[in-house]
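K.L.:
need a 3D model of the sequence below.
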Amino acid sequence: MTIKYKAQTSEQWFEEELVLYAQLFEDIPNHKKLHDYILEENIFNDSSIRGAKRRLLMINRRAEALGKEGLYLLRTGSTDDRAFLVLFSYLETYRLAKEFVFEWLLPKYSSYRYEVVVDEFLQFYEHKQLQHLNELQWSDDTVSRLRIQIFRMLYRGKLLEKKTEKKYRLQSLLLSPDVVSFMAKKPPYDFLV
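P.N.:
Have a look, this model is predicted:
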């Protein structure tokens with residue numbers, strides 16, 4: 001089943017929250033029960049129940065994308081492993097970001113073109129828009145915020161190294177053998193490791 005395009009421009013990195021979720025998942029290995037526990041105990045210290053539910057929904061989606069093995073690796077992995085696993089959870093949740101990585105960035109990397117200019121995302125988006133006329137009708141402001149968010153996530157996930165405000169460089173990932181093995185079972189991520 002194909003994930004629909006979502007213009008989620010408020011998504012956060014959530015590394016600390018995902019690691020805490022992974023730690024709690026060890027004791028409560030059921031997403032629904034863990035969801036209820038986190039809300040009841042206000043584990044993330046949200047100021048309102050509405051805010052807590054909204055934040056937990058985003059975290060829960062990303063945790064489910066990691067699966068049981070991914071949550072274990074997130075809990076036990078190195079700093080680089082964690083960064084990549086958080087990025088993986090984001091890419092698995094948001095289709096446009098994932099397609100940007102695998103349809104635009106990975107072919108560049110495979111042909112030894114490592115430089116990435118921020119405006120390339122606009123070219124990619126326009127290309128996608130032509131393929132999905134009924135789905136991708138977002139405002140210029142929304143597309144701009146998405147671009148900023150996607151580049152921030154790719155930078156924090158260590159897939160991109162920032163050179164200037166508008167230029168990045170694709171870089172190799174230094175991951176543990178356990179994470180490499182996990183990703184080898186998750187096409188197309190096996191091409192990244």
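
K.L.:
could you pull out the helices for this protein?
P.N.:
Secondary structure of the chain by DSSP state H: the helices cover 15-27, 31-41, 49-76, 79-93, 95-99, 106-110, 120-131, 140-156, 177-184.

K.L.:
ok, which of these comes nearest Y168?
P.N.:
Distances from Y168 to each of the helices of the chain were compared using Cβ to Cβ; the minimum, 6.8 Å, belongs to helix 140-156. Any C-beta I mention is one placed from the backbone N, CA and C, and that applies to glycine too.

K.L.:
same for the closest one, what does it pack against?
P.N.:
Contacts defined by 3 or more Cβ pairs under 8 Å, 6 or more residues apart in numbering; DSSP states H and E place helix 140-156 against helix 79-93, helix 95-99, helix 120-131, strand 160-162, strand 167-170.

K.L.:
so which residues make contact with the first one?
P.N.:
It refers to helix 79-93. With contact meaning Cβ atoms under 8 Å, 6 or more residues apart in numbering, helix 79-93 is reached by 3, 11, 13-15, 18-19, 61-63, 65-66, 70, 73-74, 77, 97-98, 101, 153-154, 156-159, 173-176, 178-179, 183, 186, 189.

K.L.:
likewise the shortest one?
P.N.:
Here strand 160-162 makes contact (Cβ under 8 Å, 6+ apart) with 116, 151, 154-155, 168-171.

K.L.:
and those residues as CSV, adding neighbour count, distance to I43 and pLDDT?
P.N.:
Converted to CSV, those look like this (neighbours: other Cβ atoms under 10 Å; distance: Cβ to Cβ, whole Å; pLDDT from 0 to 100):
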residue, neighbour count, distance to I43, pLDDT
V116, 23, 37, 97
F151, 20, 30, 96
L154, 23, 28, 96
Y155, 15, 28, 96
Y168, 22, 34, 98
R169, 11, 37, 97
L170, 18, 36, 96
Q171, 12, 34, 94
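
K.L.:
save these as CSV, and put in distance to L133 too.
P.N.:
Below are these laid out as CSV (distance: Cβ to Cβ, whole Å):
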residue, distance to L133
V116, 26
F151, 25
L154, 27
Y155, 31
Y168, 29
R169, 33
L170, 30
Q171, 35
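
K.L.:
thought G77 was touching V180?
P.N.:
No: with contact defined as Cβ atoms under 8 Å, G77 and V180 do not form a contacting pair (11.3 Å).

K.L.:
more neighbours: the two, which one.
P.N.:
G77 (21 against 15; other Cβ atoms under 10 Å).

K.L.:
below-threshold pLDDT in this structure: ranges please.
P.N.:
Under the criterion pLDDT under 70, the flagged ranges of the chain are 1-2, 8-10.

K.L.:
show me the domain layout of it.
P.N.:
Domain assignment for the chain, taken from automatic domain parsing, gives 15-76, 93-191.

K.L.:
could you dump these to TSV with distance to V86?
P.N.:
Listed next are the domains of the chain as TSV, based on distance: least, Cβ to Cβ, whole Å:
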stretch	distance to V86
domain 15-76	5
domain 93-191	6
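
K.L.:
who wins for proximity to A7 among these?
P.N.:
Closest of these to A7 is domain 93-191, at 5.2 Å (criterion: Cβ to Cβ).

K.L.:
kind regards, and thank you for your time.
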